[in-house]
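Asks: sequence and predicted structure are below.
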Amino acid sequence: MATVEASDCDGKGQGVETSVTYYRLEEVAKRNSMKEIWLVIHGRVYDITRFLNEHPGGEEVLLEQAGADASESFEDVGHSSDAREMLKQYYIGDVHPNDLKPESGSKDPLKDTPCKSCWSYWILPILGAIVLGFLYRYYTAESKSS
Ligand code: HEM
């Protein structure tokens, strides 16, 4: 099994030592049958084989996501906090850092929206208003003199 063990201690021989097992996505992808079913939700790997028959949403939907990243479908359903709490029971490790892709929820919100902090975003309307003001004054002054 191509797993990498990582320990997370403070190096002083104290504190809590935790060990995380990392799984490559290709390894997760192999667990895609009724016999063994794993999925990834938010960078964490879950072995939900024994949960398959118990899932209130049915086993179909889980089988559709088998061996894949189910973060989006999991969120789309709007699972309760109880459901999120249940995830802990099936957690077996994390996705290997090399296989992690940025989550849509955590990406920079400015990336796909127009640049709200760019100078052009606010300076152009101001300049436009000033020009319009001058034009208005120019024409009103001209119509008064004629
Ligand atoms: C290990 C992962 C999962 C756990 C622990 C879990 C748990 C639950 C629980 C406890 C419910 C009952 C409603 C609630 O409390 O929110 C539920 C409902 C449901 N789940 Fe999941 N679920 C998981 C993954 C998924 C995935 C990947 C899908 C994919 C689409 C899914 C689809 C659904 C659907 C369609 C319902 C029924 C919602 C309804 O009837 O309103 N679940 N799940």
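Replies: Great, that's in hand. Numbering: from 1, shown residues only.
Asks: which helix of the protein spans the most residues?
Replies: When the chain is parsed with DSSP state H, its longest helix is helix 119-145.
Asks: could you list every helix and strand that that helix packs against?
Replies: Helices and strands touching helix 119-145, as assessed by 3 or more C-beta pairs under 8 Å, 6 or more residues apart in numbering; DSSP states H and E, are absent. C-betas here are computed from N, CA, C, even on glycine.
Asks: need the residues of this protein near the ligand, please.
Replies: Neighbours of the ligand within the chain, by C-beta under 6 Å from any ligand atom: 46, 48, 51, 55-57, 61-62, 65, 70, 73-74, 77, 79-80, 82-83, 86-87, 90.
Asks: now the residue of the chain found nearest the ligand, what's its secondary structure?
Replies: Taking C-beta to the nearest ligand atom, the ligand has its nearest neighbour within the chain at residue 57, 2.4 Å off. Three-state assignment for residue 57 (DSSP: H, G, I helix; E, B strand; the rest coil): coil.
Asks: what pLDDT is listed against the nearest residue to it once chain neighbours are set aside?
Replies: Ranked by C-beta to C-beta, 6 or more residues apart in numbering and with sequence neighbours excluded, the top spatial neighbour of residue 57 is residue 77, at 6.7 Å. If you check residue 77, the pLDDT there is 94.
Asks: PyMOL command for the buried members of the residues of the chain next to the ligand?
Replies: Here is the PyMOL selection string for the buried members of the residues of the chain next to the ligand, based on 16 or more other C-beta atoms under 10 Å:
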select buried, resi 46+48+51+62+65+70+73+74+79+86+87+90
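Asks: shaky segments in the protein?
Replies: Where the chain drops to pLDDT under 70, the residues are 1-17, 103-119, 144-146.
Asks: how's it carved up into domains?
Replies: With domains defined by the TED database, the chain comprises 20-97, 115-145.
Asks: among those, which is the most enclosed?
Replies: Per residue and on average, the most neighbours among the domains of the chain fall to domain 20-97, with a mean of 15 (mean count of other C-beta atoms under 10 Å).
Asks: okay, and the beta partners of residue 37?
Replies: Beta-bridge pairing of residue 37 under DSSP bridges involves residue 32.
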